[in-house]
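J.: this is a predicted model, with the sequence first.
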Amino acid sequence: MGTSSWNLLGKDYEKIPLSASANLRGDYPVQRLSLGFSTVQGLVSGSQRIGVLWLGAWLALKGQFSAGMLMAFTAYADQFSSRASNLVDYAIEIRLLRIQGDRLADIVLPPTEAFAEGSYVGPMPEPSIRFEKVSFRYAKGEAWILKDCTFEVAAGESVAIVGPSGCGKSTLARLLLGLLDPQEGKITIGGIDIKHLGKNRYRTMIGSVMQDDQLFAGSIADNIAFFDESATQEAIENAARQAELHEDIVAMPMGYHSLVGDMGSSLSGGQQQRLSLARALYCKPQILVLDEATSHLDIARERQITETVRQLHVTRVVIAHRPETIASAERVLTMHKGKVRASKSADSSGETPPQALAEAI
Ligand SMILES: Nc1ncnc2c1ncn2[C@@H]1O[C@H](COP(=O)(O)OP(=O)(O)OP(=O)(O)O)[C@@H](O)[C@H]1O
C-alpha cells in the first residue's frame with residue numbers, strides 16, 4: 001500500500017492510508033519505465049558482448065587478428081559499451097526528472113483555496129447556521145445535489161440530518177465545512193457569509209469527523225493534537241476522555257505514545273472513530289459536524305459520548321442512519337430531492353418522537 005508525506009507545522013509526516021490507498025501520481029509509470037529500460041539495457045549489453053566476442057574470434061580465426069589484438073579489442077569494446085550504457089542511464093534519469101518535477105509541482109503549486117481570507121473584521125459570530133437557497137452540483141451538466149436548499153440550525157442546537165444513501169448528506173456537510181462552495185445561495189454563520197468571514201477564520205470554530213477521515217503516522221497524542229507543538233498532555237487527555245478513548249489508550253503498553261503508524265490497522269474501527277472524534281474535540285469547536293462518526297460504536301458508548309458533547313453546548317450537525325444516533329438529536333432534518341425539510345422537534349425529554357424518527361429513517 002502506498003504512503004505519502006504531509007508537511008504540518010514545518011515537519012514531514014507520513015500519512016497512513018487506513019481506508020484508501022494514497023499512491024502518489026506517477027508511481028506506476030516511473031516503475032514501469034525503469035523496469036522497461038533496465039530490461040532493454042540488459043538485453044542490448046548482453047547481445048553486444050556476444051557480438052563483439054564473436055567478431056573478434058572470427059577475425060582471429062581468419063588470421064586478421066593476433067591474440068594481443070583480440071585482448072585489446074575486447075578491453076576497449078568493454079569501455080565503449082560501459083560509456084554507452086552510462087549515456088542511456090543519463091537519458092533515463094532525465095526522463096525520470098520530468099516525472100519528479102511533476103510531483104513537486106503537485107505539492108508546491110496546489111491551487112489556492114477560494115475565500116480563505118475574508119473581509120469581515122468584527123468579533124467571531126455566534127455558532128448558528130443558515131443555508132439560504134443553496135444550490136450545488138459537482139459539475140456543469142450534472143444533477144443538482146442541493147437545489148434552493150434553505151434551513152437553519154440555532155446556536156447550541158443539535159440536529160440530525162437523515163435521508164437515503166446518496167441523497168447528498170455528506171455533500172451538505174462538505175459545504176458546511178467550506179470544503180465545497182455553493183454555486184447559488186449562501187451559507188451564513190451567525191449571520192455572516194462564510195465567504196466574508198474567511199474560511200481560515202471560520203475553521204477555528206468548527207470541528208468535524210467525516211467518513212473518510214484518516215489517521216497519521218505518529219503517536220496517539222500527535223494524532224489527537226494534530227501535531228500541535230504547543231499541545232499539553234492535559235488538553236490531549238481531556239479530549240480523549242470526552243471521546244471515551246482514554247481508558248483504551250492507558251491500557252496500551254505505551255499509552256499516549258503508542259504509535260498509530262505501527263498499529264493503525266490494529267486499532268478497531270470504533271477506536272479509530274473515537275480518535276478522530278478526540279481530534280475534533282481537542283480544538284474546542286463551537287460547531288461540530290459528525291458524518292457517520294459513531295457508526296462503529298456500541299449504543300452505550302455512543303450515548304455516553306453524546307451526553308458529554310451535549311454538555312459542551314456546541315452546535316451539532318449529525319449525519320446518521322442509525323435510529324439511536326438520530327434519536328439523540330433535538331431535531332431531525334430530512335434531505336429529499338436536494339432540499340432539507342424539518343421533521344418534528346424532540347419532545348421535552350429531549351427524545352425525538354417515534355413518528356418523526358420513523359419518518360426520518
Ligand atoms: N466528488 C464527487 N464528484 C462527483 N459526484 C459526487 C462526488 N461525491 C459525491 N458525488 C455524488 O453526489 C451524490 C450525493 O453523494 P453524498 O456522498 O453526498 O451522499 P450521502 O447522502 O452522504 O450518501 P451516504 O448516506 O451513502 O453517505 C451521489 O450521487 C454521489 O455519487
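T.: Thanks, I have it. Numbers count the residues shown, from 1 in each chain.
J.: the helices in the stretch 201-350 of the chain, which residues?
T.: 220-225, 233-242, 246-250, 260-263, 269-282, 299-311, 323-327 (DSSP state H, counting those that start in this stretch).
J.: please tell me how far V289 sits from the ligand.
T.: To the ligand, V289 is 12 Å away according to CB to the nearest ligand atom, to the nearest Å. Any C-beta I mention is one placed from the backbone N, CA and C, and that applies to glycine too.
J.: per-residue pLDDT, that residue?
T.: Residue-level confidence at V289 comes out at 97, pLDDT.
J.: quick one on the thing from earlier: the ligand is nearest to which of the helices of the stretch 201-350 of the chain?
T.: helix 323-327 (12.7 Å; CB to the nearest ligand atom).
J.: that closest one and the ligand, are they touching?
T.: No: counting by CB under 6 Å from any ligand atom, no contacts exist between helix 323-327 and the ligand, the nearest distance being 12.7 Å.
J.: now swap in stretch 291-299 and tell me
T.: No: figure legend: stretch 291-299 not in contact with the ligand (CB under 6 Å from any ligand atom); closest approach 6.7 Å.
J.: got the end-to-end distance for that stretch?
T.: This stretch, stretch 291-299, spans 17 Å end to end (CA to CA, to the nearest Å).
J.: and what of stretch 107-116?
T.: Distance across stretch 107-116, first residue to last, is 18 Å (CA to CA).
J.: and that stretch, average pLDDT?
T.: Confidence over stretch 107-116 (mean pLDDT, whole number) is 85.
J.: what lies in contact with it?
T.: With CB atoms under 8 Å, 6 or more residues apart in numbering as the test, stretch 107-116 has contacts from G178, D181, I194, K195, G198, K199, N200.
J.: run the chain-centre distance for that stretch.
T.: Between the centre of stretch 107-116 and the centre of its host chain there is 16 Å, according to CA atoms, centre = their mean, to the nearest Å.
J.: which residues touch R95?
T.: L33.
J.: state the phi and psi torsions of it.
T.: Dihedral pair for R95: phi -60, psi -40, per degrees, to the nearest 10.
J.: A293 too?
T.: When quoted as degrees, to the nearest 10, the phi and psi of A293 stand at phi -80, psi -10.
J.: ok, the closest residue in space to it that isn't next to it in sequence - contacts?
T.: Among residues not flanking A293 along the chain, V209 sits closest, at 3.7 Å (CB to CB, 6 or more residues apart in numbering). Neighbour list for V209: Q273, S276, L277, R279, A280, V289, L290, D291, A293 [criterion: CB under 8 Å, 6+ apart].
J.: just put these in a markdown table and tack on neighbour count.
T.: Below are these laid out as a markdown table (neighbours: other CB atoms under 10 Å):
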| residue | neighbour count |
| --- | --- |
| Q273 | 25 |
| S276 | 22 |
| L277 | 28 |
| R279 | 23 |
| A280 | 26 |
| V289 | 24 |
| L290 | 27 |
| D291 | 22 |
| A293 | 26 |
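J.: in stretch 69-82, what's buried?
T.: For stretch 69-82, a neighbour-count test (16 or more other CB atoms under 10 Å) marks L70, F73, T74, A77 as buried.
J.: neighbouring contacts of it?
T.: With CB under 8 Å, 6+ apart, stretch 69-82 has contacts from S45, Q48, R49, V52, L53, G56, A57, L59, A60, F65.
J.: ok, 6 Å please
T.: Q48, V52, G56, A60 (CB atoms under 6 Å, 6 or more residues apart in numbering).
J.: wait, which of the contacts of V209 is closest to G36?
T.: The closest of the contacts of V209 to G36 turns out to be S276 (CB to CB; 41.8 Å).
J.: what sits against the closest one?
T.: V209, D213.
J.: give me the pLDDT for it.
T.: The predicted local confidence for S276 is 94.
J.: quick one: low-confidence parts of the stretch 1-150 of the chain?
T.: 1-30 (pLDDT under 70).
J.: the strands in it, which residues?
T.: Using DSSP state E, counting those that start in this stretch, the strands of the stretch 1-150 of the chain run over 4-8, 11-15, 129-136, 146-153.
J.: would you mark the buried spots in the third one?
T.: When neighbours are counted by 16+ other CB under 10 Å, the buried residues of strand 129-136 are found to be I129, R130, F131, E132, V134, F136.
J.: I'd say the fifth one and Q183 touch.
T.: No: with the criterion set as CB atoms under 6 Å, V134 and Q183 do not qualify as a contacting pair; they are 8.8 Å apart.
J.: show me what from the stretch 251-361 of the chain comes close to the ligand.
T.: Close to the ligand, as judged by CB under 6 Å from any ligand atom, the stretch 251-361 of the chain has no residues.
J.: let's see it at 8 Å
T.: Applying CB under 8 Å from any ligand atom, we find that the stretch 251-361 of the chain lies next to the ligand at D291, E292, I319, H321, M335.
J.: confidence score at the fourth one?
T.: Same thing as H321. H321 is given a pLDDT of 89.
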